[in-house]
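**Student:** take a look and give me a structure for this.
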Amino acid sequence: GHWCTRVPLICFGTVEWHLPDRCLRQFGREQCIPLEVPDSQRAFHGRDGRQGTRDWPTKLKEFIAIWENRQLQDIVTPNQVGRTGYHDPYLDRYRQTSVRYMTPEGAADGALADGIERIKDMTNGRTELGNEDVSFIR
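**Tutor:** Now for the predicted structure:
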């Protein structure tokens, strides 16, 4: 469906991007690594169309062209089956770039889960055991 189309939404001089690739898991889809936010979001965000030029079709022609070819902008991912694995590329990137916990309790639970995953990786031969790892396990 078109809910999964990455397109600019245009209202007079305002351009807001619909970025469904950032929330696919909420809709039961396999989450891919989202594309970067287009620079145009920063350029036109917050404009209300009451100031300056009113020739928006000319000024926003590149966004209108994207909208007119929106069928080419669909984000296609399979339905999510089971849980996303700890080492899924999306989750690896998420852990590197995002604030993961909103509360101290959530951080404690997350640290425990991360520790268990590290131990699993060590026992499955995914990582070599060094002195730091042995200390971690103890």
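
**Student:** low-confidence regions, the chain specifically.
**Tutor:** Within the chain, the stretches with pLDDT under 70 are 1-2, 39-53, 125-138.

**Student:** where do the helices sit along it?
**Tutor:** Here the chain has its helices, by DSSP state H, at 39-44, 56-59, 61-68, 89-97, 104-123, 131-137.

**Student:** may I have the third one exported as CSV, CA atoms only?
**Tutor:** Spelled out, it's helix 61-68. Coordinates of each C-alpha in helix 61-68 appear next as CSV, following Å, rounded to 0.1, in the frame of the first residue of the first chain:
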residue,chain,number,x,y,z
LYS,A,61,9.2,21.1,-8.7
GLU,A,62,11.7,18.5,-7.6
PHE,A,63,9.4,17.4,-4.7
ILE,A,64,6.4,17.4,-7.0
ALA,A,65,8.3,15.1,-9.4
ILE,A,66,9.0,12.7,-6.6
TRP,A,67,5.4,12.7,-5.5
GLU,A,68,4.2,12.1,-9.1
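
**Student:** give me the residues contacting that helix.
**Tutor:** 7, 8, 10, 15, 40, 57, 73 (C-beta atoms under 8 Å, 6 or more residues apart in numbering). (Each C-beta comes from the backbone N, C-alpha and C, glycine too.)

**Student:** just those residues: which are in strands?
**Tutor:** 7, 8, 10, 15 (DSSP state E).

**Student:** neighbour-wise, which one of these leads?
**Tutor:** Tallying neighbours with other C-beta atoms under 10 Å puts residue 15 at the head of the ones in strands among the contacts of helix 61-68, with 24 neighbours.

**Student:** let's have the helices of the chain in a markdown table, adding distance to residue 77 and mean neighbour count.
**Tutor:** Listed next are the helices of the chain as a markdown table, based on distance: least, C-beta to C-beta, whole Å; neighbours: other C-beta atoms under 10 Å:
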| stretch | distance to residue 77 | mean neighbour count |
| --- | --- | --- |
| helix 39-44 | 22 | 12 |
| helix 56-59 | 33 | 13 |
| helix 61-68 | 20 | 14 |
| helix 89-97 | 10 | 12 |
| helix 104-123 | 24 | 12 |
| helix 131-137 | 35 | 10 |
